[in-house]
Structures are given as structure tokens and as C-alpha cells.
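Visitor: predicted model, plus sequence, below.
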Amino acid sequence: FHQSYDKIVEISLESYYEEELPGLHSFLDRDKKMMQYTIKGGQCFRGVLVFAATLELIERRGEGAPSSERIQQIMSVGWALEILQAAFLVADDIMDESHTRRGKACWHKVDRVHAYNDVFKLEHFAFYILKRHLSQKDFVSIQDIFRGVILKTAFGQGLDLEYSSLIKQLAVEWPGEEAVRMRLSMPAYDNIVAHKTSFYTFHLPLAAALCLANGGGDEDSNVSANDDREGETSSRITIKKKEKVKSSDDFSACDDGKDRGVLEQRGGGASDEERYPSSSSSPSFSSRRSRGSASSSSSSSSTGEELAKKIGLELGQYFQVQDDFLDVYGDPKKTGKIGTDIEQRKLTWLMAKAVEKTTDEKDLRTLFQPSKRYVEKVREVFSRLSLRDCYLEYEASVCAKIKSWVRQGSSQLPTETILLILNKVHSSRVKKESATTVSSMTSASAATS
């Protein structure tokens, strides 16, 4: 997948300049550099997930190895998603005033003049990639999935900004303990994460894979014949036999590098309505969420699409919770960014969990009202509440839940790909967590035992 970047992304950009921007080739190199800087450098696991999941589903149906043309179509969807991810990250970094991303300066720190416009350029170029490479049938279906998720993500980003603004108001006016607990709760956090992260991170790749696998290789492709120029061949890509997925019960034994190789070769829960409640209005301390009565747990999903959505949203939740955890407890040299969530007073999983656990209003004020040594004091509250242990309990629970759902849909879903991604997410925490944090927590636990 990674090796297809030039053929799919760069050649498509060159073609766009030739077809739509004649005489403006002096800007082509600049846009190539911008896309390389913003798209590449990460693990590209969203794109790899589309690719690997689609090929697993096709192989399971006994359709044989897809043609090189179909392989390229599937890869183009993966790269379109990576381009969309780049647009989201550039925008998010601008809004959060972040400094680093993937171990280097955020794009708006490199080119502040063009960064805002580059967000729009990247988002719309993703659709150009889709239209250029897919059949009309696939394009209509995939475009619909993309646009629906983009809209949800935009609203999720808006919720994130709204709650950040709400928290900053606490520095000026304290509305009382009950109001703070009501609004800055775990359900509020779940709502933000579902829309800002979960839909586009895992639900979209899985939904796209199911769509592409069902599409079954229409041949009326829009791929230009010029894509085979300059000596590039259209040889068929043989899909190697799947390697068995190691038992995901032992996450500590997971080899992240090996997992990526396999992907490259192959190419106690509440209902969704309870976990990800809808938001009908902007949050404020003067209005309370209508809680209503809790609905009973939903029955097993009857279709692959429904179960894929359920798994995708839960995986996205896990991914974001881990990101919040590593922002505080990760090693910046390994995470590639300097954590700023506490400083920016964002409603993260750690903050929402602290609100849920603390019984002391003084600690509650410490969490949200800036003071001298603010970041250090918040960390102290997290430590007293044993939030690292809470995270580890959450992690074990969510991994068991996802594996259970995967077993339910084993005949309908790309199960091996999903389990590999689950292992990969887990191993990321193991590798990126600060050694100092682990040792200090272990020492503290030993001292109190």
C-alpha cells in the first residue's frame, strides 16, 4: 500500500494540473511537497485497513485474486481516506494551536499563509482521487459514505471546540459542583469522540471495505490509461496466503512490525444510542442533558454492516481514549508530539474520568480553574485517582468486548484484519507510554500494597 503513493496520489495531482490548471505548473512542486508533508509520515493504518479488509472479504468469498486494476481502485480509496485524514489533522492543529505532529512541526507552523486553504485543497482532492480511479457505481457509493462521515466529523470537531470554550469559562465563573459534573461528564466525552474520531477512523474504512467487496470489480473504471506510462506495468498482484492471526488474548506478545507485514501481504456494552448520545443543542451550564430511561442492551446485529459500525465506533473510542492517555502519560519521543491537552483544558477521557471519580470539589476546581503549576496539579489529581489503573481496566474491557463482537460476525466481517488492528492499537500504548510513568506507578502501587 505505502509503495503505491506515487502512482495514485502524485500522478493524480500531476493529471489535475494538466487537465484543470494549465499554465500553473509552477505551483505543482509546492503542492507535491505539501501533500508529502501532511499525508506521509504516519502509519497510514486507515488506508491499509481499507485495503486489507477489502481483500480479506474478496478472498473469503472465493472470488480469486483481483486484477491489478481492481487493486489500484481499492488502494485509491485508502489513499483518499489518508488525504482526508491529513485535512482533518491540519485543521485540528490550527484550531488547537498545536506545535508538533508526527515528530515534526505542524503544517501551519511551516506555511501559515497557505495552511488554511490547504485544508480545503486536501479534502476536495480526496474526492478527485475517488472519481479518477473508481467506476461510476463504486464512486457513487463510496462518495456517499465519505460525505456522511465528513459531516459527522465536522460536527464532532464543533462539539470539541464548544466544550473547550465551556471549560475556559470556568476560569471566570464557577457555576457550582453539580452543574460541572452534569455537563463535563463521560457521556459528553463519548458524544464528542463518536463524531470527531470514531466514524472516520474505523467506521469509514470498514464501511468502504464492505462496499468495495460487494461491488465485485466493475470494469468501467475511470482510471486513465496514462497511469501505465513511464514503464509502469499492469501485472497482477498475487495475494499471499493469510498468516494465522496470533491469539489476541496475549496483547503483550504482539509484534507491531509483523502485524503491519501481514496487513500489507493481504493488502458489558450499552447500545450505540446510549454510548454515543445525540446532541440537540450546544452545551451550557444553564441547561441539563435529558437523561431519560436507559434502554435495554441491543441484540446481536443481524447484518455485517450494522456489526461493522458497532465495532468501528468502539475501536474509534478506544483509539481516542488511548490518544488522550498518551498525551499525558506518553513519551514525546515515541508519540511524536508534545502533549497539550491539560494546558488547553480539553475534555479528554482523563478529565471526564476524574470528574466521575473525584468526590472533592477542591479537586474539581483544580481540574478546570487555571493556577500556578496548573498542569502539575492536574497530574497530581490524576495520580491520586489512579487514572492509569482505570485506563488499563478500560483497555482490558474494551478489547474483550470487541473480540466478542468479532466472533459474532465471523462469517460477515474481515475478522483477521480487525483483530490485527486491535492488536496494533494496543501495542501502540505499550510502546509509547513513558517508562518513567510505568516505573513510578509501579513503585506507588508497591508502596501502598
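Guide: Structure received. Residues are numbered from 1 along each chain as shown.
Visitor: going forward, measure contacts between C-alpha atoms and count neighbours the same way
Guide: Noted.
Visitor: can you show me the strands along the chain?
Guide: Secondary structure of the chain by DSSP state E: the strands cover 100-101, 104-105.
Visitor: what residues does the last one touch?
Guide: It refers to strand 104-105. H99, G336, K337 (C-alpha atoms under 8 Å, 6 or more residues apart in numbering).
Visitor: neighbouring strands - and their directions - for it?
Guide: strand 100-101 (antiparallel) (DSSP bridges).
Visitor: what about the nearest residue to L210 once chain neighbours are set aside, neighbour count?
Guide: Using C-alpha to C-alpha, 6 or more residues apart in numbering and skipping residues adjacent in sequence, the residue nearest L210 is T54, 6.7 Å away. Residue neighbour count, defined by other C-alpha atoms under 10 Å, stands at 30 for T54.
Visitor: please apply the same query to the one 5 residues further on.
Guide: Here the neighbour count serves as a burial measure; for E59 (other C-alpha under 10 Å) it reads 18.
Visitor: returning to what we had before: so for E305, which of the strands of the chain sits nearest?
Guide: Ranking those by distance to E305, with C-alpha to C-alpha as the measure, places strand 100-101 first at 33.1 Å.
Visitor: let me see the residues that make contact with the closest one.
Guide: Outside strand 100-101, the residues within contact range by C-alpha under 8 Å, 6+ apart are C106, G336, K337, I338.
Visitor: contact partners for the closest residue in space to Q412 that isn't next to it in sequence?
Guide: Distances taken as C-alpha to C-alpha, 6+ apart place G304 nearest to Q412, at 5.1 Å, with adjacent residues excluded. For G304, the contact set (C-alpha under 8 Å, 6+ apart) comprises G409, Q412, L413.
Visitor: tell me the most packed of those, by neighbour count.
Guide: L413 leads these on contacts (other C-alpha under 10 Å) with 25 neighbours.
Visitor: now do it against K168, distance only.
Guide: In this view, L413 and K168 are 43 Å apart by C-alpha to C-alpha, to the nearest Å.
Visitor: thinking again about what came up before, which of the contacts of strand 104-105 sits closest to I421?
Guide: Nearest member of these to I421, counting by C-alpha to C-alpha, is G336, at 20.1 Å.
Visitor: show me where pLDDT drops low in this structure?
Guide: For the chain, the stretches with pLDDT under 70 are 216-302, 435-449.
Visitor: rewinding a little: in JSON lines: the contacts of strand 104-105, plus distance to R429.
Guide: As requested, the contacts of strand 104-105 are exported to JSON lines (distance: C-alpha to C-alpha, whole Å):
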{"residue": "H99", "distance to R429": "22"}
{"residue": "G336", "distance to R429": "13"}
{"residue": "K337", "distance to R429": "14"}
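Visitor: by neighbours, which of those wins?
Guide: K337 (21 neighbours).
Visitor: that one contacts C106, correct?
Guide: No. Using C-alpha atoms under 8 Å, K337 is not in contact with C106, being 9.6 Å away.
Visitor: which residues do those two both contact?
Guide: Joint contacts of K337 and C106 (C-alpha under 8 Å, 6+ apart) are H99, T100.
Visitor: can you tell me the closest non-neighbouring residue to the residue nearest the centre of the chain?
Guide: For the chain, T201 is the residue whose C-alpha lies nearest the centre (C-alpha atoms, centre = their mean; 3.3 Å). Counting by C-alpha to C-alpha, 6+ apart, the nearest residue to T201 once its immediate chain neighbours are dropped is G316, at 6.0 Å.
Visitor: contact partners for that neighbour?
Guide: G316 makes contact with V193, A194, T197, S198, F199, T201, F202, H203, according to C-alpha under 8 Å, 6+ apart.
Visitor: which members of the residues you listed occur in helices, if any?
Guide: Taking DSSP state H, the ones among the contacts of G316 that sit in helices are V193.
Visitor: ok, the contacts of G316 vs D363, which is closest?
Guide: V193 (24.6 Å).
Visitor: mind listing what the nearest residue to the closest one once chain neighbours are set aside touches?
Guide: Nearest residue to V193, sequence neighbours excluded (C-alpha to C-alpha, 6+ apart): Q317, at 6.3 Å. If you count contacts by C-alpha under 8 Å, 6+ apart, Q317 has them with D190, V193, A194, T197, S198.
Visitor: then D341?
Guide: D324, D327, V328, T348.
Visitor: can you verify my assumption that the last one contacts D190?
Guide: If I follow you right, that is T348. No. Using C-alpha under 8 Å as the test, T348 is too far from D190 to be in contact (9.6 Å).
Visitor: out of the two, which sits in the more crowded spot?
Guide: Comparing T348 with D190 by other C-alpha under 10 Å, the one with more neighbours is T348, at 25 against 22.
Visitor: and the nearest residue in space to the more buried one that is not next to it in sequence, how close does it get to Q157?
Guide: Distances taken as C-alpha to C-alpha, 6+ apart place D324 nearest to T348, at 6.0 Å, with adjacent residues excluded. D324 sits 15 Å away from Q157, going by C-alpha to C-alpha.
Visitor: how about I11?
Guide: 32 Å.
Visitor: same question for H108.
Guide: Using C-alpha to C-alpha, H108 is found at 18 Å from Q157.
Visitor: hang on, the earlier thing: more neighbours: which of I11 and Q157?
Guide: Shown here are I11 and Q157; by other C-alpha under 10 Å, Q157 has more neighbours (21 against 14).
Visitor: in contact with the more buried one, which residues?
Guide: Contact analysis of Q157 by C-alpha under 8 Å, 6+ apart lists I192, H195, K196.
Visitor: of those, which is the most crowded?
Guide: For the contacts of Q157, neighbours tallied by other C-alpha under 10 Å; top is I192, 29 neighbours.
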